[in-house]
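A.B. asks: Please find the sequence and the predicted model below.
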Amino acid sequence: MTQEINDLNNTITLQKDAHTRAMEHIAVLSQTTSLIPKLKAENDHLINELIDLKKKHADALRHYNTAMGRVAGMEDDCAKMKALKESNEALTRSLGTLKQDYASALAKIDTLELKDSEMQKSMQNVAGK
């Protein structure tokens, strides 16, 4: 009978230990459960922040694409300006050549007029004699 009492005492001790552990688990679960509303609220807040960040990202992406379009337009404008500059330089060189040709033509006209004048004097001298 003493063995049965010892066995019962051991069983009671084991049950008390199991009960204590179960109560500890219940306390932990209770604390964890009380955190759920707080964690849900924090999670909702983070979701809202993520939505705001996605909107800001979309806005930034639109601004970036607009800016890149402007840059592409500016690059086209720069290419056109470079072509115009080269054309202007070629026209300036042509103008310089034309000025030289004009000056040369004026000099030839002066020479021809001088020769014509001399020929007319000569002809008058011949006719006057």
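C.D. replies: Nice, I can see it. Just so it is clear, the structure is predicted and the values come from calculations on it, not from any experiment.
A.B. asks: how about the helices in this protein?
C.D. replies: Residue ranges of the helices in the chain, as given by DSSP state H, are 2-128.
A.B. asks: Show me where it dips below the pLDDT cut-off.
C.D. replies: For the chain, the stretches with pLDDT under 70 are 129.
A.B. asks: how about 80 then?
C.D. replies: Across the chain, the ranges flagged by pLDDT under 80 are 1, 127-129.
A.B. asks: could you check the distance from residue 53 over to residue 44?
C.D. replies: In this view, residue 53 and residue 44 are 15 Å apart by C-beta to C-beta, to the nearest Å. For every residue, glycine as well, the C-beta is placed using N, CA and C.
A.B. asks: Residue 116 now?
C.D. replies: Plainly put, residue 116 is 105 Å away from residue 44 if you go by C-beta to C-beta.
A.B. asks: can you check residue 55 too?
C.D. replies: Residue 55 is 17 Å from residue 44, by C-beta to C-beta.
A.B. asks: ok, now residue 37?
C.D. replies: For residue 37, the distance to residue 44 (C-beta to C-beta) stands at 10 Å.
A.B. asks: same check, this time on residue 32
C.D. replies: Per C-beta to C-beta, residue 32 is found 19 Å from residue 44.
A.B. asks: With residue 89 instead?
C.D. replies: Using C-beta to C-beta, residue 89 is found at 67 Å from residue 44.
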